[in-house]
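# For reference, the sequence and a predicted model appear below.
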There are 2 protein chains.
Amino acid sequence: MASIILRGAQRVDTIDVQDRGLNYGDGVFENILIHQSQPVWWNEHWQRLLKGLDRLTISAPDHDFIRQQADNLIKQSERYDAVLKIVVTRGSAGRGYAPSKDAEPTIMLSLHVAPVASSKDGIHIRWCNTQLSSQPLLAGIKHLNRLEQVLARAEWDDPQITDGLMCDQQGRVVCATAANAFFLIDGQWQTPKITHCGIEGIARAWLLEHLPNVVETEIKIPDVAGAETMFLCNAVRGVMPVLSVDQQHFSQMAPAYRVRELLANAIPAFAR
Amino acid sequence: MASIILRGAQRVDTIDVQDRGLNYGDGVFENILIHQSQPVWWNEHWQRLLKGLDRLTISAPDHDFIRQQADNLIKQSERYDAVLKIVVTRGSAGRGYAPSKDAEPTIMLSLHVAPVASSKDGIHIRWCNTQLSSQPLLAGIKHLNRLEQVLARAEWDDPQITDGLMCDQQGRVVCATAANAFFLIDGQWQTPKITHCGIEGIARAWLLEHLPNVVETEIKIPDVAGAETMFLCNAVRGVMPVLSVDQQHFSQMAPAYRVRELLANAIPAFAR
């Protein structure tokens, strides 16, 4: 796995033991699909990264510099299709939670194998028991405090199960461990609001803009039982039509396939 | 700052970019007071570390091996009084939340300057606006997802303010950003239950065992307004009598001083 570590604008060899990303999860990250050596949705990822850094009051790195580093990494690795992960932490500081104002942020860029394309038919998912906690201060951003997702993902190891739906503690459906979720309910695409927990996905934002009949709303577990069909989506895997959630099987797949096609037609990287 | 990084039982030079501690906060930590080159409450810290690792299903490192590494680090640094920080993460793995079962945990030991003793009179603290989210699966353990504490600690930079009290989203007082809290209410020492958020502090546990008249209970903000006196405590700084919380000044300090004395008499490391 090719990677670059930067402290501010300086290339460095190692991550410091005192890095606040490592000690407190004090930072944010992005996973960016690389298709034909080009990042997909780069601007959208960069904007979300900035939003997260702003929320945590971490100084933003220089855009052009990071983009150049990313391009170099992609070029050197000769990987045509891949996933570029960018992590930005508040940098290195002594013990104690107080955010050190003069620390240089740590930036890590790493290039990973692109995920295997999901089956054309769709994916199988499950319900997770692990519930998401409510924290409006952190909702939406892709920060590094991901233990809830780790606990939820640890609930199964069946490779046939691609992901799991997570609810908050009030029984509202929020997202999957690594994707947002859309449900076709009463003829309308609906996706949970991201106000108390969950991540504002890049693919989710694109679909909210491009689907003809879609709303952000509150979705409870029984609403899913009554859904006609559903899909998961993220910026690396695009739209993933869902065949089943545990014992609930969806028979009407066509609407979800059409959404997948809509995205694939607009962005060829997702036409796999 | 002296430090040691271990991957399983192997000494290594660097932390991997893919370390799950860095990427997800997937691990736990302890801050252990070193007094006259000896760890204070070593067994208690080790037990809490094990409890946290068990909760996260991370394999525990070998006790005797880590203790030996810690002793070597202390001896080499020639620091008589210090704080030993131990971080254990699930180790290094590829992208994705699924906990890799064969990853060797990463263990970091680092030795830090002991904090300056607080004023004999007591400390000044404040209320934090940042609220703790409820997550029973993670409550009690000292895991690496600490963004709420970082946000709370970022609320002030007045060096006269030692710490800040945090509430949950139901208005229950839970703890300070880096300490547990005890309140003398109606002649009885009371400390918040740690069931939905917060850390089960080592000093807190010692005091629950050794104070003659103490309960774990639910404490709301108005209860603090009616408290006769209060103190914060942690395993590095011991008992810290509180002079004021924002505009609320405590005049009856004697009961808190007596608790500090109780601890100092039992454990000389805290008699500073």
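In hand now; what should we look at? Because the structure is a prediction, the values reported are computed rather than measured.
# doesn't A:W46 fall inside a strand?
No: assignment of A:W46 by DSSP: H, G, I helix; E, B strand; the rest coil gives helix, placing it outside any strand.
# how many neighbours does it have?
In terms of burial, A:W46 registers 18 neighbours under the definition other Cβ atoms under 10 Å in any protein chain shown. C-beta here means a position set from N, CA and C on the backbone, and glycine is covered the same way.
# How about A:S244: what's its closest non-neighbour residue?
Take A:S244 and drop its neighbours on the chain: the residue closest to it by Cβ to Cβ, 6 or more residues apart in numbering or on different chains is A:H124, 4.9 Å away.
# how much space between that neighbour and B:R48?
Relative to B:R48, A:H124 is positioned 39 Å away (criterion: Cβ to Cβ, to the nearest Å).
# Which one's more surrounded, the two?
In this comparison of A:H124 against B:R48, neighbours counted by other Cβ under 10 Å, the higher total goes to B:R48 at 22 against 17.
# So that one is in contact with B:V88, correct?
No: contact criterion Cβ atoms under 8 Å: B:R48 and B:V88 do not qualify, at 11.6 Å.
# can you give me the strands for the stretch 151-272 of chain A?
Under the criterion DSSP state E, counting those that start in this stretch, the stretch 151-272 of chain A contains strands at A:161-167, A:173-176, A:180-185, A:188-192, A:214-217, A:229-234, A:238-245, A:248-249.
# what pLDDT does A:T106 get?
A:T106 carries a pLDDT score of 97 in this model.
# interface residues of the stretch 101-250 of chain A facing chain B?
Proximity of the stretch 101-250 of chain A to chain B, by Cβ under 8 Å from any Cβ of the partner chain, involves residues A:108, A:110, A:112-113, A:130, A:133-135, A:137-138, A:143-154, A:157, A:169, A:177-178.
# For chain A, give the residue positioned nearest to chain B.
Of all residues in chain A, A:G25 sits closest to chain B, with a separation of 3.3 Å (Cβ to the nearest Cβ).
# ok now do A:R79, which residues does it touch?
A:R79 makes contact with A:I34, A:S37, A:L111, A:V113, A:A114, according to Cβ atoms under 8 Å, 6 or more residues apart in numbering or on different chains.
# Please, which helix or strand holds it?
Using DSSP states H and E, A:R79 maps to neither a helix nor a strand.
# cool, the one 5 residues further on as well?
Element membership of A:L84 [criterion: DSSP H and E] is strand A:82-89.
# strands paired with that strand, and their directions?
Paired strands of strand A:82-89, with direction, are strand A:27-35 (antiparallel), strand A:106-113 (antiparallel) (DSSP bridges).
# Could you check how many residues crowd around the nearest residue to A:H143 once chain neighbours are set aside?
Leaving out its chain neighbours, the residue that sits closest to A:H143 by Cβ to Cβ, 6+ apart is A:V28, at 5.3 Å. Residues near A:V28, counting by other Cβ under 10 Å, number 25.
# The one 5 residues further on too?
A:L33 is surrounded by 26 other residues when neighbours are defined as other Cβ under 10 Å.
# Contact partners for it?
A:P39, A:V40, A:W41, A:D81, A:V83, A:A114, A:A235, A:V236, A:A269.
# Okay, and the residue nearest to A:S244 sits in which element?
With the criterion set as DSSP H and E, the secondary-structure element containing A:H124 is strand A:123-127.
# so that strand versus strand A:180-185, what angle?
Compare the direction of strand A:123-127 with that of strand A:180-185 by axes from the mean of the first three to the mean of the last three Cα atoms, to 10 degrees and you get 90 degrees.
# contact partners of strand A:123-127?
Contacts of strand A:123-127 from elsewhere in the structure, counted by Cβ under 8 Å, 6+ apart, are A:155-156, A:160-165, A:167, A:176, A:221, A:232, A:240-246.
# Just the CA atoms of that strand, as CSV, please.
These are the backbone C-alpha positions of strand A:123-127, laid out as CSV (Å, rounded to 0.1, in the frame of the first residue of the first chain):
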residue,chain,number,x,y,z
ILE,A,123,-26.6,-7.0,-2.0
HIS,A,124,-27.8,-8.7,1.1
ILE,A,125,-27.7,-6.7,4.3
ARG,A,126,-28.8,-7.0,8.0
TRP,A,127,-30.0,-5.1,10.9
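# Give the pairing partners of it; include direction for each.
For strand A:123-127, sheet partners with direction are given as strand A:161-167 (parallel), strand A:238-245 (parallel), following DSSP bridges.
# Pretty sure A:I86 sits against A:G27.
No: because the distance of 10.3 Å does not satisfy Cβ under 8 Å, A:I86 is recorded as not touching A:G27.
# What number of residues are in the vicinity of the nearest residue to A:I185 once chain neighbours are set aside?
Spatial nearest neighbour of A:I185, chain neighbours left out: A:A227 (5.1 Å); criterion: Cβ to Cβ, 6+ apart. Burial of A:A227, expressed as a neighbour count using other Cβ under 10 Å, amounts to 21.
# So for the strand holding A:L84, what gets flagged as buried?
A:A82, A:V83, A:L84, A:K85, A:I86, A:V87, A:V88, A:T89 (16 or more other Cβ atoms under 10 Å in any protein chain shown).
# could you redo these as CSV and give each row pLDDT and distance to A:R204?
Listed next are those as CSV, based on pLDDT from 0 to 100; distance: Cβ to Cβ, whole Å:
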residue, pLDDT, distance to A:R204
A:A82, 95, 22
A:V83, 96, 18
A:L84, 97, 20
A:K85, 98, 19
A:I86, 98, 19
A:V87, 98, 21
A:V88, 98, 22
A:T89, 98, 25
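# Grab the two from these that are most spread out in space.
Greatest spatial distance in these: A:A82 and A:T89, 22.4 Å, computed using Cβ to Cβ.
# From the buried residues of strand A:82-89, pick the one nearest A:L73.
Distance to A:L73, by Cβ to Cβ, is smallest for A:L84 among the buried residues of strand A:82-89, at 7.2 Å.
# who touches the closest one in this structure?
Counting by Cβ under 8 Å, 6+ apart, A:L84 makes contact with A:N31, A:I32, A:I34, A:P39, A:A70, A:L73, A:I74, A:L109, A:S110, A:L111, A:H112.
# Done for today, thanks.
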